[in-house]
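build me a model from this:
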Amino acid sequence: MSTPRLVAFDLDDTLAPSKSAIAPRMGDLLVALAERVEVAIISGGQLAQFTAQVVDQLPETSTATRARLHLLPTCGTQYYRLTADGIDTVYAHSLTDDEKQRALTAVEEEAKRLGLWESETWGEILEDRGSQITFSALGQKAPVDAKMRWDPTGEKKNTLREAVAARLPDLEVRSGGSTSVDITARGIDKAYGMRKLAEQTGISLDDMLFVGDRLDPDGNDYPVLAIGVTCHAVEGWEDTAEFLEVFIPTLPQPA
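Numbers count the residues shown, from 1 in each chain. Down below sits the predicted model:
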């Protein structure tokens, strides 16, 4: 592709290990990239996760560079920008109370029926993220190694997703991270978020590059590939760092 005007990233296992802070190396690279092009992060996580994992870890930089960072939690149903005063809300579209309650009930009942409701967990299993209900099989704060062991093939998570989707035909039910299932309004996935990003920034999808670790057909990054956005696949944050170290020098120097 020609030089992209915006580079977007998945968060967990693309910029950092699941639910973990980015490494200083990655922070330096994100700032170096934002000095040259617009940078977006789009994930199923909530704003607090973006803040703790990324924003709070970035090195000091100019207000102009920070302004080129776009945060799209819960697959773009929320959109935030960084300003000199902190984090500014562009929009946030929440589920109704009825939708939230039906989603919480369905995912808990189906997880228990399928034997996927674990007794030993790290933090909350169910989370109301405003525009998204998230089920995390081992809890929100589970260590990465435990999450990798729980469902290495994705079979458990996909079985739960299918069972919950059958009960909630008016909502979108997707496989999320390594142990999670996300429930949002219909039509919400990362393709939705990328289209909203194009709408808000005026940058065409053809002028964007997306980097993610789950671009396989069952992965939660695949919808971005399916709408024709140029994508670069990685297998972990180290892959992303190595890619950026080669890619950034090819971009125009900052003014």
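
return the residues in contact with the closest residue to Gln46 other than its chain neighbours.
Nearest non-adjacent residue to Gln46, counting by Cβ to Cβ, 6 or more residues apart in numbering: Arg129, 4.3 Å away. All C-beta atoms are positioned from the backbone trio N, CA, C, and that covers glycine. Arg129 makes contacts with Gly45, Gln46, Pro73, Thr74, as judged by Cβ atoms under 8 Å, 6 or more residues apart in numbering.

now the buried members of those.
Taking 16 or more other Cβ atoms under 10 Å as the criterion, what is buried in the contacts of Arg129 is Gly45, Gln46, Pro73, Thr74.

tell me the least confident of those?
Lowest pLDDT within the buried ones among the contacts of Arg129 is found at Gly45 (86).

wait, isn't that one in contact with Asp12?
Yes - if you go by Cβ atoms under 8 Å, Gly45 and Asp12 touch, sitting 7.1 Å apart.

re earlier: out of the contacts of Arg129, who's nearest Glu235?
For the contacts of Arg129, the residue nearest Glu235 by Cβ to Cβ is Gly45; the value is 19.5 Å.

quickly find the element holding that closest one.
Here Gly45 sits in a region with no helix or strand, counting by DSSP states H and E.

relative to Asp98, how far out is it?
24 Å (Cβ to Cβ, to the nearest Å).

hmm, back to that, closest one of the contacts of Arg129 to Val211?
Using Cβ to Cβ, the contacts of Arg129 come closest to Val211 at Gly45, 16.2 Å.

quick one, what contacts the closest one?
Gly45 sits in contact with Leu11, Asp12, Gln53, Pro73, Thr74, Arg129, where contact means Cβ under 8 Å, 6+ apart.

of those, closest to Arg113?
Distances from Arg113 to the contacts of Gly45, taken as Cβ to Cβ, are shortest for Arg129 (23.9 Å).

how close does the closest one sit to Pro4?
29 Å.

Glu172 too?
From Glu172 to Pro4 the distance is 28 Å (Cβ to Cβ).

which one of these two has more residues nearby?
Between Glu172 and Pro4, Pro4 has the larger neighbour count (other Cβ atoms under 10 Å), namely 20 against 17.

Asp207 is in contact with the more buried one, correct?
Yes - in this structure, Pro4 is within contact of Asp207 by Cβ under 8 Å, at 5.8 Å.
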